[in-house]
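Asker: coords below, sequence missing:
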């Protein structure tokens, strides 16, 4: 039996399942292979986060900004989804695993790490946040804020990394120091 690497990454849901993204917002078929395959090849375990937007608003939702998701009901929903994840992360750590990082999606109003989509002006957003009345601004998405807070409450200090979804967003990709 091969030795376990004991390394784990926590991955935003849509990196492994594009079907949960707002229609028209992804430019890959199903899985972000350039993100996932290096972990598979290195023997790193992957803990997939639930998609808070899909579980909150369903599959036929439209794009929204951080301001639209920054409400008590959505934050409560995020915490409910994240509590068992934090429990799983705690158990992994207590079993000797190393959580390498949490990987979000830059520009997401929920899963952005260094950049989030902001600027609600009313009504439906066109195709993709950067080309809509909204803009990319520095900061975490709502889900990642709640995740970071819950990890901190559990005494866990895990770095966050934001991966740009589109090639033109690539400079946004970086790890927390």
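Answerer: Okay, I see it. Nothing here was measured: the structure is a model prediction, and the numbers come from that model.
Asker: quick one, strands of this protein?
Answerer: Applying DSSP state E to the chain gives strands spanning 7-11, 45-48, 98-106, 115-118, 135-138, 160-164, 174-175.
Asker: out of those, flag the one nearest residue 19.
Answerer: Closest to residue 19 of those is strand 45-48 (Cβ to Cβ; 13.1 Å). Using the backbone N, CA and C atoms, a C-beta is placed for each residue, glycine as well.
Asker: now do the buried residues in the closest one.
Answerer: Under the neighbour-count criterion of 16 or more other Cβ atoms under 10 Å, strand 45-48 has residue 45 buried.
Asker: mind giving me the packing neighbours of it?
Answerer: strand 7-11, helix 13-16, helix 33-42, helix 72-94 (3 or more Cβ pairs under 8 Å, 6 or more residues apart in numbering; DSSP states H and E).
Asker: one more time with 7 Å, if that's ok
Answerer: On a contact count with 3 or more Cβ pairs under 7 Å, 6 or more residues apart in numbering; DSSP states H and E, strand 45-48 meets strand 7-11.
Asker: strand partners (parallel or antiparallel) of the strand it packs on?
Answerer: Paired with strand 7-11 in the same sheet, following DSSP bridges, are strand 45-48 (parallel), strand 98-106 (parallel).
Asker: which of the ones you listed sits closest to residue 21?
Answerer: That would be strand 98-106 among the strands paired with strand 7-11, by Cβ to Cβ, at 8.9 Å.
Asker: tell me which residues in the closest one are buried?
Answerer: 99, 100, 101, 102, 103, 104, 105, 106.
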